[in-house]
Each structure stands twice: as C-alpha cells, then as structure tokens.
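Undergrad: Have a look at this prediction, sequence included:
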Amino acid sequence: MAKLQKQTKQNPKLEQRELKDGRIALYLEYYLGRSEEVVKDADGKVVYYTEGAMKGKPKKKVTHLRKKESLPFYLIAKPTSPMERQQNREILEMAEKIRFEKEQELKEQQTGLRLAKHPEEINFFDYFQSFIDNYTKKDVRHMRRGLAIFKEFLKEKKKYKAFVETIRPDQITKEMIREFADYLQSRFTGEGPHTLFQRFKKVFKKATEDEIFLRNPCEGVVIKIDSQQLKKDILSMDEIKQLALTHYPNENPHIRRAFLFCLFAGLRFCDVRDLTFAQVDFSNRLLRFNQAKTAGHSSASWVNMPLSDTHLKLMGEPENGDKNQLIFPLPSHTMCLKALRHWTARAGIEKHITWHCARHSFAVNLLNNGANIKTVASLLGHAGLKHTEKYTRAVDSLKREAIDSLPDISF
C-alpha cells in the first residue's frame, strides 16, 4: 500500500484500499459525530442499569456516524519505475489538496466559519460567536457574557474603539488581553473575574488549535483568586426558617421547593434542575446523582445523599408513578434568580443571595452544627478537603462575629 501523509485530527481522512485488479483506490472518510439512542426492551420500555456507577440511568446505544466519498484517482500498488513512483506522489498530493478543501467545507458547515489561510481575512468576533453557537456545555452563558464584556471593554478604551465591530486575530495582542483581565477585576468582585476569564480563554485556545493565532495571546495571562476564601453570602438557619415562612403573590412553588432543597442538600443549580425520581431510593431514603460539573473527571463525581423527612417533603412523589419525570421542573436560571431575589427581599434578608449561596450555606451550617469536615466534603462531592476547608474559615469568621456581637460591660 502507498504511504499516506501523517494524519492528525483530520476530518475527513484520506484513506486507501487495494482492489482486486492490483490498483489502490483512494477515498475520504468523514466522521460526523455520534448518536445516542435509549435502549428499550421487547415491550418498548426503557432499560435501566441495575448496578455499578450507572445504576438508575437509562442504557444508551452509541452509534458513530461516518461517511465515505470515493476519489477518481488510483495509485499503482507496486511501482517499479521512477516514473510510476512520481505518478503516485503527484496523485497523493492532488488527493491531499482535495481532502484539505473538503475539510474546510465541513468546518464551514459545522461552525458557520470557514478557516482562512490569512488571519487578516477573519473577523474574530464571528469566530467567537460561532464557537458559542456550537458550544454544548452548561457554562455557555459565561461565554456569551465574556464576549459582550470584551466588546464593552474595547468600546470604553479610546485606543481600542476602532475594533468594536471588527477585529482581526493579529490585532489582538497580549497587552490587550492583560488590560482586559485588569478591566474584569476592576468591574467585578469575588470569583466573577476569574470565572469569566477562564471561559473567555477557552475560545482563544481553540482558535490557536485551528491556527487562527500563531501564538495564543492569552498564554501567561491569569486572574488569581483565593480559592480558600468564601466570598459569597450565606444564610443562617434562622434566615432559612424565615425564608421558608415567607410567601408572596404569584410565587413559583417549584423554585421555592428547589431552593429550600439545595439549602438542605448542597446541590448546584445544574444538578437540582436535572434530578428525576429515578435517582431516588425511597425505601432506603437515599439520593444518588452524578455532578454535572465534575462528571467524567473526578473520582468523587457521584454523590450518595441520605434523605431526611424535610428532603422527602420538598421532593414529593412522582405523578402516576413515572420515575423519569423531573423532581423540580424549573424555568431558566435567569428566571429562578429573579424569583429568588424577590423572595429574599420579601423575607427581609438584605444579603446578596444567588442560587449557589445555598450550597455554601449548607456546608457552613453543617460545620457550625459540629459535622466532620470529611463528611461535609463527601456530601458536597469534593474529591479532597482542599475545597471544603474554605468553609471552616467561614465558620471561624462567624464565631468571631458572634463573640464581637456581645455587649461590653463596665466593671
């Protein structure tokens, strides 16, 4: 068989097969992704895993989708002369040019952006938007926010105003990225700047892999945070009780139940939103779920949560025994956040409470009540104690505030 060029993440790939007449046919093989289909039994019912890490999850059949396209070229299988070998080389070069052109067409179809040979032909905002449009992970809202704030930064900086609508990759310098990082830190507090910048850099990493940048301008630019400092507000048990007693007109009962559940279980919004009754073992009073944030890259991704009477009351029971229905059918994150802020204000709580504050409140309240830090780490789904230790610092701070609240006496 003739030797093909080394292939690295090429799609399509240039392949060959030997024919009966001794010639070698060339063809392109496209990888079009994968499809998942829920496995059903003979009666049409969904089949679930009954043991192991996937217990309670529906079985799925994965199919990898490929397509082949023949090329009108044939190689000589065993060239015997310099002329025949040269002919094979020329045919392979021609086939590789066709493969490259087909690859660009495929990328254009998938991303809406055709990779240009010269950076000056690309508006990087178009590339960024195409990345967002094809991004499937749950932190896509941070991607959108990052692009919007980058444009605001360019507009506010006099020397960058010319780039608000169009900016070429070669016009984005490391100095510009450093200034943008400083801009984020001056405009936002807490973990916000770090969160936005980390998502922002993902796009540049991919663009560098696609050879839009010769060198990644974000490389070496970081926004550091004290990961051991708890910056979000937390709710005390008294405030939680006050919140539970507070109602307001047209409140969404699902948002109410879900947030109170997170305060007593420490779940993230992305996890509580996707919970189904199939993940609940009512007989053993146990909830088992895989954390969306760490699924596939953490040894502690799966969490086993013992359920109390409060948990069970907040969850309720499935209608008509359908265990695949959502426990908390919630609207968008934005709608939930608006409802939460209206609710906390109505309860007289002046703290800045977000959904993630429920997770922090859960951890701090457990530690305040004497729970072991390893137990808290396990309930939160932390692989180690590093991320849990920040809650012990918060507890120490609360103890200091409690002591300082005592009145002075004269003696």
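TA: Received the coordinates, thanks.

Undergrad: And residue 299, what's its pLDDT?
TA: Listed pLDDT for residue 299 reads 69.

Undergrad: Which helix or strand in the chain has the lowest average pLDDT?
TA: helix 389-404 (a mean of 70; mean pLDDT, DSSP states H and E).

Undergrad: low-confidence ranges in this structure?
TA: 1-8, 109-121, 225-231, 297, 299, 394, 397-403, 405, 411 (pLDDT under 70).

Undergrad: State the number of residues packed around residue 51.
TA: 7 (other C-beta atoms under 10 Å). Every C-beta, even on glycine, is put in place using the N, C-alpha and C of the backbone.

Undergrad: and what of the one 3 residues further on?
TA: For residue 54, the tally of surrounding residues (other C-beta under 10 Å) stands at 14.

Undergrad: Is residue 270 in a helix, a strand, or coil?
TA: Assigned with DSSP: H, G, I helix; E, B strand; the rest coil, residue 270 falls in the helix class.

Undergrad: For it, give its distance to residue 140.
TA: In this view, residue 270 and residue 140 are 12 Å apart by C-beta to C-beta, to the nearest Å.

Undergrad: By residue count, what's the longest helix in the chain?
TA: helix 82-111 (DSSP state H).

Undergrad: Show me what that helix is packed up against.
TA: strand 13-18, strand 23-38, strand 60-76, helix 124-133 (3 or more C-beta pairs under 8 Å, 6 or more residues apart in numbering; DSSP states H and E).

Undergrad: starting at the chain centroid, how far to the last one?
TA: Between the centre of helix 124-133 and the centre of its host chain there is 17 Å, according to C-alpha atoms, centre = their mean, to the nearest Å.

Undergrad: List the buried residues for it?
TA: Across helix 124-133, burial judged by 16 or more other C-beta atoms under 10 Å covers 124, 125, 127, 128, 129, 130, 131.

Undergrad: In this structure the third one contacts residue 204, no?
TA: No. Using C-beta atoms under 8 Å, residue 127 makes no contact with residue 204, being 10.0 Å away.

Undergrad: Specify the local secondary structure of the spatially closest residue to residue 188 that is not a sequence neighbour.
TA: With C-beta to C-beta, 6 or more residues apart in numbering as the criterion, residue 188 has its nearest non-adjacent residue at 7.2 Å, and that residue is residue 196. Secondary structure state of residue 196, per three-state DSSP, is helix.

Undergrad: burial of residue 196, as a residue count?
TA: 22.

Undergrad: picking that back up, in the longest helix of the chain, what's buried?
TA: Buried-residue list, helix 82-111, by 16+ other C-beta under 10 Å: 88, 91, 92, 95, 98, 99, 102, 103, 107, 111.

Undergrad: ditto for stretch 172-192
TA: Buried, per 16+ other C-beta under 10 Å, within stretch 172-192: 172, 176, 177, 179, 180, 181, 183, 184, 185, 188, 191, 192.

Undergrad: can you confirm residue 54 is in a strand?
TA: No. Looking at residue 54 with three-state DSSP, it is coil, so not inside a strand.

Undergrad: how close does the spatially closest residue to residue 32 that is not a sequence neighbour sit to residue 100?
TA: Nearest non-adjacent residue to residue 32, counting by C-beta to C-beta, 6+ apart: residue 65, 4.1 Å away. Distance, residue 65 to residue 100, by C-beta to C-beta: 22 Å.

Undergrad: Next, work out how far apart residue 156 and residue 132 are.
TA: With C-beta to C-beta as the criterion, residue 156 and residue 132 are 22 Å apart.

Undergrad: Next: residue 277.
TA: 34 Å.

Undergrad: try residue 313
TA: Taken as C-beta to C-beta, the span from residue 313 to residue 132 is 40 Å.

Undergrad: next one: residue 289
TA: In terms of C-beta to C-beta, residue 289 sits 28 Å off from residue 132.

Undergrad: got it, and residue 25?
TA: Taken as C-beta to C-beta, the span from residue 25 to residue 132 is 41 Å.

Undergrad: same question, residue 291
TA: 24 Å.

Undergrad: mind listing the helices for this protein?
TA: So, for the chain - with DSSP H - the helices run 82-111, 124-133, 140-156, 174-187, 192-209, 237-245, 253-265, 269-272, 309-315, 333-346, 357-368, 373-380, 389-404.

Undergrad: As CSV, those helices with distance to residue 16 would be great.
TA: Below are those laid out as CSV (distance: least, C-beta to C-beta, whole Å):
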stretch, distance to residue 16
helix 82-111, 9
helix 124-133, 33
helix 140-156, 40
helix 174-187, 44
helix 192-209, 27
helix 237-245, 67
helix 253-265, 56
helix 269-272, 46
helix 309-315, 58
helix 333-346, 50
helix 357-368, 55
helix 373-380, 53
helix 389-404, 57
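
Undergrad: tell me the domain ranges of the protein?
TA: 13-111, 119-209, 237-404 (automatic domain parsing).

Undergrad: Of all these, which one is nearest residue 410?
TA: If you check each of those against residue 410 by C-beta to C-beta, domain 237-404 wins as the nearest, at 17.8 Å.

Undergrad: Chain neighbours aside, what residue packs nearest to residue 307?
TA: In space, and not counting its chain neighbours, residue 307 is closest to residue 285: 4.4 Å by C-beta to C-beta, 6+ apart.

Undergrad: Return the residues in contact with the one you found.
TA: 306, 307, 308, 312 (C-beta atoms under 8 Å, 6 or more residues apart in numbering).

Undergrad: Out of the residues you listed, list just those in strands.
TA: For the contacts of residue 285, membership in strands holds for residue 306, with DSSP state E as the criterion.

Undergrad: what's the spacing between the residue nearest to residue 188 and residue 335?
TA: 22 Å.

Undergrad: same check, this time on residue 358
TA: From residue 358 over to residue 335 (counting by C-beta to C-beta), the distance is 16 Å.

Undergrad: Many thanks, have a good one.
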